[in-house]
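sequence unknown, structure follows:
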């Protein structure tokens, strides 16, 4: 008991003995419990209580025993055993709580884990991104050292003439309007030829590297992986350079249509349209899915009117703007995206929404080239396959039904 007594208890022991003696002499000494039998102090105290007129030494022995008992009781009051039970510590920091904290939010090698919390970016298309991921929002990569999956982004390995590439003359001219060009590739990264006029703007995005960084395995479907590549491209391009406002994204299987040629006026009108502040994407290639032959919506059949959400206001002979969202205009193999649009698009892509099936459909104010200047040449999903001729026909039918000339300048 004394070993755990408060500091200063031993220092006051003599004073307490003197007070105890005076109290006993006056008959006011407190009644104390009997010590355990067999202890010397107990025998001395018993003699002091039962024998009258004992010597001062006997009283001193009794006083010592009393002081020791008082000190012991004081210590027990200050730090009683029940005040700090063994289970008190367990209750304060239970073992399972510690385990839960250690395992909570374990960082897995996913894209969302590497990202900031962008994914909390505003879904308004009229606002440029400032934040998501954790997972990643725009502005999250402050240097090359913190660049997400840096090994996925490389300069083109092959640069050549326009004729050696898959890009047509008209498509090449349009791509010059982009601040940066990101080409998404997998098995063709080393074989794609980039035109020398564009090469300095081009960054290849290795899809296999993105899969590895994100931990995307067989449980992630092909179109989800492709969409996550689009997300990574947007984030990397707009984070890398604040001066990038217009990003061109191409997929490795896109091909320019050499049959589409533009006049000088067409180029002027394109430049004017890109100066506008109300567009979010420019679609170089697209598939008006519900206007294709055999689709359930049958919008391509004679006598079926264009739905309101697919109306496209003509801005020029080769250009129209679809102001509403909700029209199924698929294919993501060639398009421009403006910085102001990514605040809404990136979080959707991070949520595993498909770029051309969900995200484009939910995006208003999209510019469409009329006709498309590029086309997709391979399909991972059998029912999506369409011949070049049928693809061009569906675009023609869409423009014939949905192009609104009253907006033409």
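Alright, I've got the coordinates. Note that this is a predicted model, so its numbers are computed, not measured.

okay, strands next: where are they in the stretch 201-350 of the chain?
Using DSSP state E, counting those that start in this stretch, the strands of the stretch 201-350 of the chain run over 202-206, 246-251, 254-256, 281-283, 287-288, 312-316, 319-322, 329-330, 334-338.

other SSEs contacting the third one?
With contacts taken as 3 or more CB pairs under 8 Å, 6 or more residues apart in numbering; DSSP states H and E, strand 254-256 sits against helix 169-175, strand 374-376. (C-beta placed from N, C-alpha, C; glycine too.)

just the buried positions in the longest one, please.
Along helix 169-175, these residues count as buried under the neighbour rule (16 or more other CB atoms under 10 Å): 170-175.

can you pull the phi and psi angles for residue 187?
The phi/psi pair for residue 187 (degrees, to the nearest 10) reads phi -90, psi 0.

residues near residue 335, how many?
Burial of residue 335 is recorded as 27 neighbouring residues (other CB atoms under 10 Å).

and for residue 280?
22.

quick one on the thing from earlier: would you reformat the strands of the stretch 201-350 of the chain as JSON lines and include distance to residue 224 and mean pLDDT?
Output for the strands of the stretch 201-350 of the chain, formatted as JSON lines (distance: least, CB to CB, whole Å; pLDDT from 0 to 100):
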{"stretch": "strand 202-206", "distance to residue 224": "16", "mean pLDDT": "97"}
{"stretch": "strand 246-251", "distance to residue 224": "15", "mean pLDDT": "98"}
{"stretch": "strand 254-256", "distance to residue 224": "20", "mean pLDDT": "97"}
{"stretch": "strand 281-283", "distance to residue 224": "20", "mean pLDDT": "98"}
{"stretch": "strand 287-288", "distance to residue 224": "19", "mean pLDDT": "96"}
{"stretch": "strand 312-316", "distance to residue 224": "29", "mean pLDDT": "96"}
{"stretch": "strand 319-322", "distance to residue 224": "25", "mean pLDDT": "97"}
{"stretch": "strand 329-330", "distance to residue 224": "15", "mean pLDDT": "96"}
{"stretch": "strand 334-338", "distance to residue 224": "19", "mean pLDDT": "98"}
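
same list (those) but as a markdown table, adding distance to residue 357.
Formatted as a markdown table, those follow (distance: least, CB to CB, whole Å):
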| stretch | distance to residue 357 |
| --- | --- |
| strand 202-206 | 20 |
| strand 246-251 | 15 |
| strand 254-256 | 18 |
| strand 281-283 | 14 |
| strand 287-288 | 11 |
| strand 312-316 | 19 |
| strand 319-322 | 16 |
| strand 329-330 | 6 |
| strand 334-338 | 14 |
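
flag the shaky bits of this protein, pLDDT-wise.
1-145, 406-409 (pLDDT under 70).

try it again with 50
1-63, 65-143, 407-409 (pLDDT under 50).

ranges for the helices of it?
13-25, 40-50, 56-78, 86-92, 95-103, 111-114, 169-175, 207-214, 222-240, 264-275, 342-350, 388-402 (DSSP state H).

what's opposite residue 319 in the beta bridge?
Legend: beta-bridge partners of residue 319 under DSSP bridges are residue 316, residue 369.

just checking, it touches residue 370?
Yes - if you go by CB atoms under 8 Å, residue 319 and residue 370 touch, sitting 6.3 Å apart.

ok so, going back, so which of the strands of the stretch 201-350 of the chain comes closest to residue 392?
Closest approach to residue 392 among the strands of the stretch 201-350 of the chain (CB to CB): strand 287-288, 10.7 Å.

listing partners with orientation, what would you give for the closest one?
In the sheet, strand 287-288 lines up against strand 329-330 (antiparallel) (DSSP bridges).

neighbouring contacts of the partner strand?
283, 286-289, 310, 322, 356-357, 360-361, 366, 368 (CB atoms under 8 Å, 6 or more residues apart in numbering).

from those, which single one is nearest residue 386?
residue 287 (7.2 Å).

pretty sure that closest one contacts residue 393?
No - using CB under 8 Å, residue 287 makes no contact with residue 393, being 11.4 Å away.

who has more neighbours out of the two?
Neighbours per residue (other CB under 10 Å) separate residue 287 from residue 393, with residue 287 holding more: 24 against 16.

contacting residues for that one?
Contacts of residue 287 by CB under 8 Å, 6+ apart are 329-331, 376, 386, 391, 394-395.

kindly report the same for residue 269.
Taking CB under 8 Å, 6+ apart as the test, what residue 269 contacts is 315-319, 409.

try residue 300
290-293, 394, 397-398.

now the buried members of the residues you listed.
290-292, 394, 397-398.

number of nearby residues for residue 296?
So residue 296, with other CB under 10 Å, has 6 neighbours.

thinking again about what came up before, got the helices and strands packed on strand 254-256 as a markdown table, with distance to residue 343 columns?
Shown next, in a markdown table, are the helices and strands packed on strand 254-256 (distance: least, CB to CB, whole Å):
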| stretch | distance to residue 343 |
| --- | --- |
| helix 169-175 | 24 |
| strand 374-376 | 26 |
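
which pair in the contacts of residue 300 spans the largest distance?
Top of the distance list for those (CB to CB): 293 and 398, 12.4 Å.

rewinding a little: save the contacts of residue 300 as JSON lines, and put in distance to residue 210 too.
Converted to JSON lines, these look like this (distance: CB to CB, whole Å):
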{"residue": "290", "distance to residue 210": "31"}
{"residue": "291", "distance to residue 210": "32"}
{"residue": "292", "distance to residue 210": "30"}
{"residue": "293", "distance to residue 210": "35"}
{"residue": "394", "distance to residue 210": "31"}
{"residue": "397", "distance to residue 210": "36"}
{"residue": "398", "distance to residue 210": "32"}
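
what's the closest of those to residue 179?
Once CB to CB is applied, the member of the contacts of residue 300 that ends up nearest residue 179 is residue 398, at 29.2 Å.

quick one, what contacts that closest one?
Here residue 398 is in contact with 288, 291, 299-300, 306, 310 (criterion: CB under 8 Å, 6+ apart).

going by distance to residue 263, which of the contacts of residue 300 wins?
Nearest to residue 263 among the contacts of residue 300, with distances taken as CB to CB, is residue 398, at 22.2 Å.

you'd agree residue 403 is up against residue 312?
Yes - Residue 403 is within contact range of residue 312, at 5.4 Å (criterion: CB under 8 Å).
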